[in-house]
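Student: A predicted structure for the sequence below; I have some questions about it.
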Amino acid sequence: EFCFAFGESQTIVVSGIKAENGQTLSSTGLTLWKAAPMLCRYLMHSGGLEGKSVLELGAGLGLCGIVAGKCCFASRVVLTDGDTDTLKQLRQNVQINDASSSTSVQQLRWGHEHDIRRLGGTFDIVMGSDIIYVESILEPLFDTVVALMKEQFLLAFTRRNVSIDLVLACAKRHGLKWILHQEEDSHEGIYVFTKAEEVE
């Protein structure tokens, strides 16, 4: 179990597997990675989610989406993942935190038209944390983002196996611009993507 306190009165608990060094997990979504708490801090401090619709990609254990609904007062939150084992754990974590009034869980495989259509339209905010781990997912990821995002795509990025240069080149090909909110002096942090023609 992972337990996080937000403000004085909100505590979010998510259940999953602790990723020890060298441990092989059946799914990367069954643990909590470094970027999830980073994205939660950003959501709490930046404001701006109240009354918004939010879609989380590769939600894993659901921490960020649950925070968006319970602590940041998003009007509608849909947590998605492509892995069926992860979806089962994700649904349990939504129930544990009594978040089901504004939060739902659905399968979304990036780039799959049927999954994208099933979500029923666009979302004000699309977000994801530690979701880029191989280069081959970049095109379907950004295809999905562009299809579903109205205002912003928030990406909490920590270096894994894919350089940020490849990520940003793909975003640019999809007509997106970005601002980086850095964690210390690195390429890690929260990338806020918007459609190029809408950037001020």
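Tutor: Ah, there it is.

Student: what about the closest residue to F153 other than its chain neighbours, helix or strand, and which?
Tutor: Once flanking residues are discounted, F153 sits nearest to F193: 4.1 Å by C-beta to C-beta, 6 or more residues apart in numbering. Every residue, glycine included, has its C-beta placed from N, CA and C. In this structure, F193 sits in strand 189-195 according to DSSP states H and E.

Student: and what of V77?
Tutor: strand 76-81.

Student: going on from that strand, what's the next piece of helix or strand?
Tutor: helix 84-96.

Student: Please name every helix or strand in contact with that next one.
Tutor: strand 10-14, helix 63-70, strand 76-81, strand 103-107 (3 or more C-beta pairs under 8 Å, 6 or more residues apart in numbering; DSSP states H and E).

Student: which stretch in these has the least confidence?
Tutor: Mean pLDDT per stretch puts strand 10-14 lowest among the helices and strands packed on helix 84-96, at a mean of 74.

Student: Between the two ends of stretch 129-146, how far is it?
Tutor: 17 Å (C-alpha to C-alpha, to the nearest Å).

Student: Parallel or antiparallel, list what pairs with the longest strand anywhere in the chain.
Tutor: For the chain, the strand with the greatest residue count under DSSP state E is strand 149-157. Strand 149-157 has the following strand partners under DSSP bridges: strand 123-129 (parallel), strand 189-195 (antiparallel).

Student: wait, doesn't R76 sit right on E56?
Tutor: No. If you go by C-beta atoms under 8 Å, R76 and E56 don't touch, sitting 11.7 Å apart.

Student: Between the two, tell me which one has more neighbours.
Tutor: Between R76 and E56, counted using other C-beta atoms under 10 Å, the more crowded position is E56 (32 against 16).

Student: can you pull the contacts of the more buried one?
Tutor: 62, 64-65, 68, 77-80, 126-128 (C-beta atoms under 8 Å, 6 or more residues apart in numbering).

Student: could those go into CSV alongside neighbour count and distance to G175?
Tutor: Output for these, formatted as CSV (neighbours: other C-beta atoms under 10 Å; distance: C-beta to C-beta, whole Å):
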residue, neighbour count, distance to G175
G62, 34, 29
C64, 30, 25
G65, 33, 26
A68, 30, 25
V77, 30, 26
V78, 23, 23
L79, 31, 26
T80, 26, 22
V126, 26, 14
M127, 29, 19
G128, 26, 18
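
Student: Report the two of these separated the most.
Tutor: With C-beta to C-beta as the measure, no two of the contacts of E56 lie farther apart than G62 and V126, at 15.4 Å.

Student: counting contacts, what elements does the strand holding V77 pack onto?
Tutor: strand 53-56, helix 63-70, helix 84-96, strand 103-107.
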